[in-house]
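S.K.: Got a sequence here, can you build the structure:
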Amino acid sequence: MKSRFDRGGWSPSLFKHMDEAGFDVLTWRKGTTTDIPENRFTEVAHVDAHGEPRTWNAADTAVDLAMAATGEAFRMRQISRIVPARGGTTRQIHILTTDQGMPAGEVIYRMGSRWRQENYFRYARIHFDLDSHDAYPSTDDDPERSVPNPDKKKAYQKVVAARAHYDQVLARTDAAMLALRTPAPGTNEVTITNAMHNQVTAPLWDAETALGQAEAAHQKIPVRVPLENSHPANKSSTPRPNSSPTRSGWPHSTPPPPSPGKS
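M.R.: Residues are numbered from 1 along each chain as shown. I've put the predicted structure just below:
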């Protein structure tokens, strides 16, 4: 089985784990890297599902990826291409895969098929209003339906804020107490009165009290409540069939978008 990743899923450690589990990985290389010498590029080809031949200039090499967690290196196959860039220049893009047997042309074609799928649905969303309803009436929702309590989340946010404030005050108090216990230069003794100690620790006691109150308030709030106690005016959308044109003005007889198999 082959798993395809965008750069957002970049993780050499995950790629290694999937490879060891028997899954092939296909992804774009992330980050800056040294260009492959142009003499390493040769023509590669692939015949797609429609019988159309496609060709590219590509370099088939290997690269070692560092894994931050262990310091090890994981080797992957790298298919590089030279593509146009801004200003009339060119740049290299790199595809990585753990599949060592797939022809380079097919690797490039499969990675590009992701864009064909996205273009297909982008076309359909524009011309067929895939994200719209034909009508927008609404009906009352079940007032007794159990839903997450929004007040619980708000109360937890107050706990997080109170805990962060407590940690900050604790650090300042520790620093102040250290300074209070440190003798002045040329002396070996310090005098700390109860009033001095209370003055330094008073903000800490206040922060601790506020944190305890926030945690207690959070614990008292139920996790789920009936819908009527959460959002009394909540409605659920109930689309109805409608033969009218879509909101974009394109009639339902719009010619179908191109097949996702073609670029």
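S.K.: can you tell me the average pLDDT over stretch 99-108?
M.R.: In this model, stretch 99-108 has a mean pLDDT of 94.
S.K.: Touching that stretch from outside, list them.
M.R.: 2, 24, 26, 44-46, 54-56, 58, 60, 77, 79, 81, 95, 97, 110 (Cβ atoms under 8 Å, 6 or more residues apart in numbering). Every C-beta, even on glycine, is put in place using the N, C-alpha and C of the backbone.
S.K.: Helices of the stretch 101-250 of the chain, residue ranges please.
M.R.: Here the stretch 101-250 of the chain has its helices, by DSSP state H, counting those that start in this stretch, at 104-128, 150-181, 194-220, 227-230.
S.K.: Of all those, which one is nearest Ala68?
M.R.: helix 104-128 (24.9 Å; Cβ to Cβ).
S.K.: Can you give the distance of the closest one from its chain's centre?
M.R.: The chain centre lies 21 Å from the centre of helix 104-128; the measure is Cα atoms, centre = their mean, to the nearest Å.
S.K.: Check stretch 25-44 too.
M.R.: Distance, centroid of stretch 25-44 to centroid of chain: 25 Å (Cα atoms, centre = their mean).
S.K.: So which bits of it are buried?
M.R.: Neighbour-count burial for stretch 25-44, counted by 16 or more other Cβ atoms under 10 Å, picks out Val25, Leu26, Thr27, Trp28, Arg29, Lys30, Ile36, Phe41, Val44.
S.K.: Tell me the spacing between the residue nearest to Glu228 when sequence neighbours are not counted and Lys154.
M.R.: Closest residue to Glu228 apart from its sequence neighbours, by Cβ to Cβ, 6 or more residues apart in numbering: Pro143 at 3.7 Å. Counting by Cβ to Cβ, to the nearest Å, the gap from Pro143 to Lys154 is 22 Å.
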